[in-house]
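[1] I'll drop the sequence and a predicted model, then ask my questions.
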Amino acid sequence: MELQQPYFAVIFTNRRTEGDNGYAQMAEDMEKLARQQPGFIDFESARSGLGIAISYWDSKASIANWKANVDHQIAQKRGISDWYSWYKVRICLVEREYEFSSK
């Protein structure tokens, strides 16, 4: 799926603490909620020791609204207290994209 450029990517890189402690359910809930927000485009994630979650948005205003969402703020606080030993957030402007698929 090619997206219309430019758009924004929020890259959330993290290291988890031990145990689930409700993390999996909250992650699922937050992805569902993010998909309902105005300006949301898509979401991708991967974990292998280091976790990377990338959400795509149509504007910085949409990103700010998502960050301010009350349910998302609850998840952010739980992330600091229960789920992450470290994280970094990067907000990037995507001006170009391309891909390869052998299928």
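    Done, it's in.
[2] and residue 46, what is it in contact with?
    Neighbouring residues of residue 46 by C-beta atoms under 8 Å, 6 or more residues apart in numbering: residue 52. Using the backbone N, CA and C atoms, a C-beta is placed for each residue, glycine as well.
[3] part of a helix, is it?
    No: judged by DSSP: H, G, I helix; E, B strand; the rest coil, residue 46 forms no part of a helix; its state is strand.
[4] next one: it from residue 53, what distance?
    8 Å (C-beta to C-beta, to the nearest Å).
[5] pLDDT of the helix or strand where residue 66 lies, averaged?
    Assigned by DSSP states H and E, residue 66 belongs to helix 60-68. Confidence for helix 60-68, expressed as mean pLDDT, is 97.
[6] tell me where the chain has strands.
    7-16, 40-48, 50-57, 84-94 (DSSP state E).
[7] for the shortest one, buried residues please.
    Read that as strand 50-57. For strand 50-57, the buried set under the neighbour-count rule, 16 or more other C-beta atoms under 10 Å, comprises 51, 53-57.
[8] can you list the residues that contact that strand?
    3, 7-16, 34, 39-46, 63, 66, 94.
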